[in-house]
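Visitor: Structure for this input, please:
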Amino acid sequence: MNKTLIALAGLIITLAAACGDATTVPTATQVPRAPTVTATPLPFTPTPVTPTPIVSQEWKLEGIAVDGNTVTVSLHVSAGIDVDVTVGGVAPSRVDAAIPILEFVFENVAGGEQPVVISDVLGFSQWTTVRVDARVPGTEDLPVWLAEWVADLEAGSEEFPPQSITRYDSNGETVYYVLPRCCDQFSDLLDADGNLIGHPDGGITGGGDGVTKFSPSDLEGEVIWLGR
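Guide: Below is the predicted model:
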């Protein structure tokens, strides 16, 4: 029995020693979590947008007046705007200003339908036409084609003007005998509408085209135009 007690006591001592030498396991320490940082948004400043200025037309056509071969284009114009006007592609003879009205005056305009173009530096433009019956005083009873021809002759715009234009009544019809300015040139005989009938005389032989039969010597004519 004593042996049994001694053995039991030794076992207890051995277990106690073993427990005393055991390594103490440290308790896990909780690592603190980093604080959550909330980003503060920066204030948004929009880039200012400059609106495109609206450009408006600063002039208005008031009217177009025709007096013989003189054309006047009237514009209502705002101060400071530069406007160009042409009639038949030609610049005005002068500009009469009575602000806000500008009158563009065109003299010696050729007869017929003439284009009128108005434009400014901003790109605005307007196009129209005007009819010019450019009659010389005293030609009111003439057909339009002849009145316009006489007007051109009076203005000196014909490169080779004739010596004269004479109206005759021949065989019950109105004809116009056009005498050339220089020798060796055919004369012209025109009908009432200005169409060429033929060449009654003139040329190198003086006999014209040899086909057209007309002699003004036995007729009483009316001189329509006489060269200077």
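
Visitor: Show me the domain layout of the protein.
Guide: Structural domains assigned to the chain are 59-132, 144-226, following automatic domain parsing.

Visitor: between these, which gets nearest to R33?
Guide: domain 59-132 (69.9 Å; CB to CB). In short, each C-beta sits where N, CA and C put it, glycine included.

Visitor: From Q57, how far out is the spatially most central residue of the chain?
Guide: Most central in the chain under CA atoms, centre = their mean is S125, positioned 5.2 Å from the mean C-alpha point. For S125, the distance to Q57 equals 9 Å [CB to CB, to the nearest Å].

Visitor: Might you list the low-confidence residue ranges for the protein?
Guide: Scanning the chain for pLDDT under 70 picks out the ranges 1-32, 34-37, 39, 42, 52-53, 79, 134.

Visitor: Now do the strands in this structure.
Guide: In chain order, the chain shows strands spanning 59-67, 70-77, 83-87, 94-98, 101-106, 112-120, 125-132, 164-170, 173-179, 188-190, 196-198, 222-226, with DSSP state E as the criterion.

Visitor: Would you mark the buried spots in the fifth one?
Guide: Using 16 or more other CB atoms under 10 Å as the test for burial, strand 101-106 gives 102-106.

Visitor: cool, stretch 84-101 as well?
Guide: 85-88, 92.

Visitor: Let me have the residues you listed in JSON lines, adding distance to H76 as columns.
Guide: As requested, the buried residues of stretch 84-101 are arranged in JSON lines below (distance: CB to CB, whole Å):
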{"residue": "V85", "distance to H76": "13"}
{"residue": "T86", "distance to H76": "19"}
{"residue": "V87", "distance to H76": "18"}
{"residue": "G88", "distance to H76": "23"}
{"residue": "P92", "distance to H76": "17"}
